[in-house]
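S.K.: take a look and give me a structure for this.
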Amino acid sequence: MPRQNKKLKLVVILGPTASGKSELAVKLAKKFSGEIISADSRQVYKGMDIGTAKAVPAKLTQNKNAKQTQNIIQGVPHHLINVVFPNQEFNVAIYKKLAIKAIKDIQKRGKLPFLVGGTGLYIKAVVDNIEFPKVPPQKQLREDLEKKSAKELFQIYKKLDQEGTKLIEKNNKRRLIRAIEVCKVTGQSFWQQRKKGAKLLFDVLQVGIKLGKKKLRKEATKRVQGMFKLGLENEVKKLVKKYGWIPSLQTIGYQEWKDYFYPSPLKKGGGADGKINKNEVKNLIIQHTLQFARRQMTWFKRDKRIHWIKNYQEAEKFTKKFLLK
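M.R.: Okay, the predicted model is just below:
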């Protein structure tokens, strides 16, 4: 349990997708009397369960009356899972506010908070107390931008913020749209407007999991195959029928089904006349997952404060040392 220092302690478990962060975090949380705060930009959405590898029983997340932002998984409380519906506004500024509130609540109860995930910007927002430009959503601009492809959006953003293109995920439509929105409203670079807060809020240990290429491919393939067995096709069909191809569904695990369901998942027997078959969808998801993992590692490698580990024993050792200092 954390000692009552001026800055209370926070342990961050990070790494690329399919690296085993969740399993490691649960073991550590049980060992050190902790609770987990998710740092995943897609697991915040209700109903997006299988495609985000959410470690929550489907029957719990599909309960229409469920309003909880905490779930008990393997005996450990998890926070910031199932926060909003896929068509609701959510961004890093909102995430930061909710995450800090959850962390302080956990610390107040004498527990150790573990911030766990692979969304680098979300983690950095909390660790470095990043302040973001306060620009309200521009409805008409967003509607116009959402009609464009990620490639087109990236080119638009490049003209507005050359330096920012070196840091942003160029295939993340939602993030590109927000960056363009901020640039156009303020007339300034989105990334230059982000700045560290006046002071850091927590004493932080960052532990990262890094897998070799072969191991990562094996784990990614295994994960995607598991998603198909759990019913990913039906989950995507259900979400698209309800919301359409909204920005939150333009993400790995969901976007690859668009050509499979062509022209529409509403068509009886959807996929029978699609542009691609189910096996091609599966291969695309694996391919995009591995590409995304590489981008995540590029982001994380910039932070020299991260302690990279290979197994649970190393993570436990770093955590023990951190809590004793």
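S.K.: residue 235: how many residues sit nearby?
M.R.: 22 (other CB atoms under 10 Å). The way it works is simple: take the backbone N, C-alpha and C, and place the C-beta from them, glycine included.
S.K.: got it, and residue 82?
M.R.: With other CB under 10 Å as criterion, residue 82 counts 25.
S.K.: what distance do you get for it to residue 40?
M.R.: Here residue 82 is placed at a distance of 11 Å from residue 40 (CB to CB, to the nearest Å).
S.K.: and the strands in the stretch 1-150 of the chain?
M.R.: 9-14, 34-38, 70-73, 76-79, 112-117, 130-131 (DSSP state E, counting those that start in this stretch).
S.K.: wait, which of the ones you listed is closest to residue 286?
M.R.: strand 112-117 (20.6 Å; CB to CB).
S.K.: name the helices or strands packed onto the closest one?
M.R.: With contacts taken as 3 or more CB pairs under 8 Å, 6 or more residues apart in numbering; DSSP states H and E, strand 112-117 sits against strand 9-14, helix 21-31, strand 34-38, helix 92-108, helix 120-127.
S.K.: quick one: which of those is nearest residue 141?
M.R.: helix 92-108 (17.9 Å).
S.K.: tilt between that closest one and strand 9-14?
M.R.: 130 degrees (axes from the mean of the first three to the mean of the last three CA atoms, to 10 degrees).
S.K.: give me every residue that touches the one residue sitting closest to the centre of the chain.
M.R.: Centroid check for the chain by CA atoms, centre = their mean gives residue 40 as the closest residue, at 2.4 Å. Counting by CB atoms under 8 Å, 6 or more residues apart in numbering, residue 40 makes contact with 52, 117-119, 122.
S.K.: stretch 304-320 - what's its average pLDDT?
M.R.: Mean per-residue pLDDT for stretch 304-320: 96.
S.K.: got the buried residues for that stretch?
M.R.: 306-307, 309, 315-316, 318-319 (16 or more other CB atoms under 10 Å).
S.K.: what about the closest residue to residue 80 other than its chain neighbours, distance to residue 96?
M.R.: Nearest residue to residue 80 in three dimensions, chain neighbours excluded: residue 38, at 4.7 Å (CB to CB, 6 or more residues apart in numbering). Separation of residue 38 from residue 96 (CB to CB) stands at 13 Å.
S.K.: and the two? Which one has more around it.
M.R.: Taking neighbours as other CB under 10 Å, residue 38 and residue 96 compare with residue 38 leading, 30 against 20.
S.K.: ok so, going back, and the residue nearest to the centre of the chain, backbone torsions?
M.R.: Phi and psi for residue 40, reported as degrees, to the nearest 10, are phi -130, psi 120.
S.K.: how is this protein divided into domains?
M.R.: According to automatic domain parsing, the chain comprises the domains 9-133+197-211+303-324, 139-192, 214-292.
S.K.: low-confidence stretches in the stretch 201-325 of the chain?
M.R.: By pLDDT under 70, the weakly predicted segments of the stretch 201-325 of the chain are 266-273.
S.K.: now do the helices in it.
M.R.: Along the stretch 201-325 of the chain, counting by DSSP state H, counting those that start in this stretch, helices occupy 213-230, 232-243, 278-300, 312-324.
S.K.: reformat the ones you listed as a markdown table; add distance to residue 165.
M.R.: Below are the helices of the stretch 201-325 of the chain laid out as a markdown table (distance: least, CB to CB, whole Å):
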| stretch | distance to residue 165 |
| --- | --- |
| helix 213-230 | 26 |
| helix 232-243 | 29 |
| helix 278-300 | 13 |
| helix 312-324 | 34 |
